[in-house]
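**Q** I'd like to go over a predicted model; first the sequence, then the structure.
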Amino acid sequence: MGKIVLVLSFLNLFLFADELAITERSFTNTCISCHKQQQIPSSLIYKRYLLKYSTNVRMEEAMFNYLKDPKKEYSIMPEPFFLKFPMKEKVEVDDQTLRKSIRTYLDTYNMKKKLILE
């Protein structure tokens, strides 16, 4: 019985890791590649969201709403930003995938991970 539970646990772990890798690749291919191509500083955008919304839950909701209906009045970026960078196109992806990508973005640029305590 213990061996069966152990095998099922490992299978579950591998399936979850595979799903996480797929989400990471999707995020890199769709979001980050475009940001890099247009030279949009992702870490700067994260910091602006963090200053305005302060929690991951609020940042995720604000990003989700902006990406579903991108308008300047919903953006956290100042007006001069749009003189240099193009306005974001509406994202044509299902809500679950978009939320996973936003969570991956928030996890990638999380400031807490960069803090080092002695």
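**A** Received the coordinates, thanks.

**Q** Now do the helices in this structure.
**A** 2-27, 33-37, 42-53, 56-68, 81-84, 95-108 (DSSP state H).

**Q** what angle separates the last one from helix 56-68?
**A** Here helix 95-108 points in a direction 130 degrees away from that of helix 56-68 (axes from the mean of the first three to the mean of the last three C-alpha atoms, to 10 degrees).

**Q** looking just at contacts, which helices and strands does helix 95-108 meet?
**A** Applying 3 or more C-beta pairs under 8 Å, 6 or more residues apart in numbering; DSSP states H and E, we find helix 95-108 packed against helix 2-27, helix 42-53, helix 56-68. In this view, the C-beta of every residue, glycine as well, is placed from N, C-alpha and C.

**Q** Can you tell me which of these has the worst average pLDDT?
**A** With a mean of 51, helix 2-27 has the lowest mean pLDDT of the helices and strands packed on helix 95-108.

**Q** Now residue 111: closest residue in space, sequence neighbours ignored.
**A** Spatially, and ignoring its direct neighbours in sequence, residue 111 is nearest to residue 50 (6.6 Å; C-beta to C-beta, 6 or more residues apart in numbering).

**Q** what's the distance between residue 111 and residue 42?
**A** Here residue 111 is placed at a distance of 13 Å from residue 42 (C-beta to C-beta, to the nearest Å).

**Q** who's more crowded, these two?
**A** Between residue 111 and residue 42, counting by other C-beta atoms under 10 Å, residue 42 is the more crowded of the two (14 against 10).

**Q** isn't that one right up against residue 109?
**A** Yes: between residue 42 and residue 109 there is a contact at 6.2 Å, judged by C-beta atoms under 8 Å.

**Q** CA atoms only for stretch 103-118, dumped as PDB, please.
**A** This file holds the C-alpha atoms of stretch 103-118, laid out as PDB (Å, rounded to 0.1, in the frame of the first residue of the first chain):
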ATOM      1  CA  ARG A 103       1.000  34.700 -11.600                       C
ATOM      2  CA  THR A 104       4.200  33.600 -13.400                       C
ATOM      3  CA  TYR A 105       5.100  37.200 -14.100                       C
ATOM      4  CA  LEU A 106       4.500  38.200 -10.500                       C
ATOM      5  CA  ASP A 107       6.500  35.300  -9.300                       C
ATOM      6  CA  THR A 108       9.400  36.000 -11.800                       C
ATOM      7  CA  TYR A 109       9.700  39.700 -10.800                       C
ATOM      8  CA  ASN A 110       8.900  39.300  -7.100                       C
ATOM      9  CA  MET A 111      11.000  41.800  -5.100                       C
ATOM     10  CA  LYS A 112      10.900  39.600  -2.000                       C
ATOM     11  CA  LYS A 113      13.000  37.000  -3.700                       C
ATOM     12  CA  LYS A 114      15.800  39.500  -4.300                       C
ATOM     13  CA  LEU A 115      16.000  40.400  -0.600                       C
ATOM     14  CA  ILE A 116      18.900  38.900   1.200                       C
ATOM     15  CA  LEU A 117      19.000  38.800   5.000                       C
ATOM     16  CA  GLU A 118      22.100  37.900   6.900                       C
END
